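In: quick one, what's the 3D model for this:
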Amino acid sequence: MTTTQRASAAEPAVRRAVPGDISALASVLSRAFDGDPFYRFLAGDAPERHARMYEGWLGILRFASADLRETWTTDDRAGVAVWLPPGDRGPGVLDGFRLLPAMARLAGWRRLREISAATDALERRRRHHVPGAHFYLSVLGVEPGRQGEGMGTALVAPVLERCDAERVAAYLETAVARNVLLYERLGFDVVEEMVLPRTDIHGWLMRRSPRDRARREPDPPAGGRP
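Out: Numbers count the residues shown, from 1 in each chain. Sure thing, here's the model as predicted:
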């Protein structure tokens, strides 16, 4: 697979993100997830919530993206898909310490325990549903004014094609009901619905088995993912 993917007539060109993209992508994600239930829970309704979202996404992209190895964007950086590849165990000890202030800025130090309970529950369910090798779609977000252009589909396509070629599963979570149908069109199936601990947030856990590439149909644009 080349670093830059050629665009079809219906899809924009995508490429792997590099460190110099992080600030712009954090800005996009802070806007893309402005109405997302999970991230609204994290950031709250304080006047500075947008700045808090931005700093939180900076930390995630820097320290919880597997060094951008499977993070994809466009040349105009209007969207981003962050995948964690098979075998990735999340931030190491050092990156975990580096990520902590960003998460505290996002949600506040007092709420870190609630965040930890929710993320730990999601991680346990992920290990249950995909105990073997898999790609995990940690983040998918598109600039709000650019949604509906097929960018979401283009951003996830390189890794989904790799999943099919290598016969590897893919996995994600979403707290946005309308995204479920979009992800189903990309080959994902809901494997569980749950309410996150210490919250009233409803989430859908979705798994995608490798598809027969000869039978694949064109996919619609995907929306932002919590």
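
In: and the helix ranked longest in the chain, what's buried?
Out: When the chain is parsed with DSSP state H, its longest helix is helix 112-129. Buried residues in helix 112-129, defined by neighbour count with 16 or more other C-beta atoms under 10 Å: 114, 115, 118, 121, 122, 125, 126. Every residue, glycine included, has its C-beta placed from N, CA and C.

In: repeat for stretch 183-197
Out: 183, 186, 187, 188, 196.

In: if I look at the first one, how far off is residue 204?
Out: The reference is to residue 183. Note on residue 183: its distance to residue 204, by C-beta to C-beta, to the nearest Å, is 8 Å.

In: joint contacts of the two?
Out: residue 174 (C-beta atoms under 8 Å, 6 or more residues apart in numbering).

In: where along this structure do the strands fall?
Out: If DSSP state E is used as the criterion, the strands of the chain fall at 4-5, 14-16, 70-73, 79-84, 134-142, 169-174, 189-195, 202-208.

In: mean pLDDT lowest where, among those?
Out: Ranked by mean pLDDT, the strands of the chain bottom out at strand 4-5, which scores a mean of 44.

In: that older thread, let me know the closest of the buried residues of helix 112-129 to residue 52.
Out: residue 115 (13.0 Å; C-beta to C-beta).

In: OK, contacts around the most centrally placed residue in the chain?
Out: By C-alpha atoms, centre = their mean, the mean C-alpha position of the chain lies nearest to residue 139, the distance being 1.1 Å. Residues in contact with residue 139, defined by C-beta under 8 Å, 6+ apart, are 29, 60, 80, 81, 82, 225.

In: please pull out the lowest mean pLDDT helix or strand from this structure.
Out: Lowest by mean pLDDT, DSSP states H and E among the helices and strands of the chain is strand 4-5, with a mean of 44.

In: low-confidence ranges, this structure, go.
Out: Residue ranges of the chain with pLDDT under 70: 1-11, 45-47, 90-105, 107-110, 213-226.

In: quick one, helices of this structure?
Out: Secondary structure of the chain by DSSP H: the helices cover 22-32, 37-43, 49-63, 93-107, 112-129, 151-166, 177-185.

In: now distance to residue 144 too, for those, in TSV please.
Out: Shown next, in TSV, are the helices of the chain (distance: least, C-beta to C-beta, whole Å):
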stretch	distance to residue 144
helix 22-32	6
helix 37-43	14
helix 49-63	13
helix 93-107	20
helix 112-129	25
helix 151-166	11
helix 177-185	14
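
In: chain neighbours aside, what residue packs nearest to residue 163?
Out: Counting by C-beta to C-beta, 6 or more residues apart in numbering, residue 170 is the residue found nearest to residue 163 once chain neighbours are left out, at 5.0 Å.

In: can you pull the contacts of the one you found?
Out: Shown in contact with residue 170 (C-beta under 8 Å, 6+ apart): 134, 135, 136, 137, 159, 160, 163, 188, 207, 208.

In: how far away is it from residue 186?
Out: Noted for residue 170: a distance of 9 Å to residue 186, by C-beta to C-beta.

In: quick one: residue 64 and residue 202, what's the gap?
Out: 24 Å.

In: neighbour-wise, which of the two wins?
Out: In terms of neighbours (other C-beta atoms under 10 Å), residue 64 is the more surrounded of residue 64 and residue 202; the figures are 20 against 13.

In: just checking, that one touches residue 138?
Out: Yes: Residue 64 lies in contact with residue 138 (C-beta atoms under 8 Å); the separation is 7.5 Å.
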